[in-house]
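In: missing the sequence, but the structure's below:
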């Protein structure tokens, strides 16, 4: 019987790469992706063995029906913006429900993607809720999940490097709050490979691994690199934090998802970098890809460039 893997959040940015890696590395795998909006999953639906199922994973009965078909579960569901209630629903209540259902259904192979800096004493709702979600999937809870903690994730479909590249195509300068905040960006395909690695190797299961790239950058450096790769680098103007918070407030009042929120600024008080001595990608046999090598291939040539897709397929 082929392995049946349920991927929560499989239609998202990271989920797309995870589904690709699963079908690439496991011929015959059955990947089940629940989603409330199947139209968002058209890109992965063409992958062999991937099945979209209409379901709201935040409803326990709906999630249970999906998990009845699972040998293993990958949880990628996350948000970057919201209030306390929304962070609790997505980052805490869902892992709690997942832990209970997996225990009841005897599913013991669970991979949960969290975040670097997750801590119940963290400065932001995002980091505190991520920590509580991890706790739900560890003893003394009913299950022991494998946890991956990535830094900021970049790739052809990200909302980070692409956003800053687009903004620099429009604006003569880049006013930036948190310009000195530190990140250790990791390529989405490296994270996806890590997910599949820990899913398949029993000796790795139940542990925690940090997923970071090979270099640390400030936010200002990342913004400049994004603009340079896209062909329109602009000067970065660091903003005092008080002005940055006013800017975040104005963005919150605008329609759509904000580029930056107060909670994002709070998160940036904690360096988004690897913990010294913590197991990382190298412990999984994965050599992290350099940002400077990958980013120009999708920002400079366009996200749909066939050369980039062929190159990725050879990795």
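Out: The structure has been received and is ready for your questions. Fair warning: this is a prediction, and the values are worked out from it, not measured in the lab.
In: CA atoms for contacts and neighbours, from now on please.
Out: OK.
In: for residue 144, give me phi and psi.
Out: phi -130, psi 100 (degrees, to the nearest 10).
In: was I right about it contacting residue 134?
Out: No - applying CA atoms under 8 Å, one finds residue 144 not in contact with residue 134, separated by 9.8 Å.
In: the two: who's more crowded?
Out: residue 134 (25 against 22; other CA atoms under 10 Å).
In: what residues are up against that one?
Out: By CA atoms under 8 Å, 6 or more residues apart in numbering, the residues touching residue 134 are 95, 112, 114, 147.
In: adding distance to residue 63 and neighbour count, write these out as CSV.
Out: What follows is these, written out as CSV (distance: CA to CA, whole Å; neighbours: other CA atoms under 10 Å):
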residue, distance to residue 63, neighbour count
95, 11, 23
112, 16, 22
114, 20, 25
147, 20, 24
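In: among those residues, which lie within helices?
Out: Within the contacts of residue 134, residues falling in helices by DSSP state H are residue 95.
In: wait, which of the contacts of residue 134 is closest to residue 74?
Out: Closest to residue 74 out of the contacts of residue 134 is residue 112 (5.9 Å), distances taken as CA to CA.
In: quick check: that closest one vs residue 72, distance?
Out: When distance is defined by CA to CA, to the nearest Å, residue 112 is 11 Å away from residue 72.
In: next: residue 290.
Out: Residue 290 sits at a distance of 31 Å from residue 72 (criterion: CA to CA).
In: what's the answer for residue 235, then?
Out: For residue 235, the distance to residue 72 - CA to CA - is 47 Å.
In: neighbour count for residue 290 and residue 72, which is higher?
Out: residue 72 (20 against 14).
In: that one reaches residue 107, doesn't it?
Out: Yes - taking CA under 8 Å as the definition, residue 72 is a contact partner of residue 107 at 6.4 Å.
In: so where do the helices sit in this structure?
Out: Under DSSP H, the chain gives helices at 13-25, 42-45, 60-67, 84-87, 94-104, 125-136, 161-170, 188-200, 219-230, 241-253, 262-267, 291-299, 306-313.
In: put together a markdown table for those, with distance to residue 177 on each row.
Out: Shown next, in a markdown table, are those (distance: least, CA to CA, whole Å):
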| stretch | distance to residue 177 |
| --- | --- |
| helix 13-25 | 25 |
| helix 42-45 | 34 |
| helix 60-67 | 39 |
| helix 84-87 | 23 |
| helix 94-104 | 32 |
| helix 125-136 | 18 |
| helix 161-170 | 13 |
| helix 188-200 | 25 |
| helix 219-230 | 9 |
| helix 241-253 | 5 |
| helix 262-267 | 8 |
| helix 291-299 | 22 |
| helix 306-313 | 32 |
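In: please identify the deepest-packed of those.
Out: Sort those by mean neighbour count, taking mean count of other CA atoms under 10 Å, and helix 125-136 sits at the top with a mean of 24.
In: what's the mean pLDDT across that helix?
Out: Averaging the model's pLDDT scores along helix 125-136 yields 98.
In: please apply the same query to stretch 100-113.
Out: Stretch 100-113 comes out at a mean pLDDT of 97.
In: just stretch 192-203 next, same as before
Out: 97.
In: now do stretch 143-152
Out: Here the average pLDDT along stretch 143-152 is 98.
In: swap in stretch 247-258?
Out: Mean predicted confidence for stretch 247-258 is 67.
In: try stretch 297-310
Out: Summarised as a single mean, pLDDT over stretch 297-310 is 61.
In: show me what contacts the residue nearest to residue 241 when sequence neighbours are not counted?
Out: Closest residue to residue 241 apart from its sequence neighbours, by CA to CA, 6 or more residues apart in numbering: residue 177 at 6.0 Å. Contact analysis of residue 177 by CA under 8 Å, 6+ apart lists 238-241, 243-245, 265.
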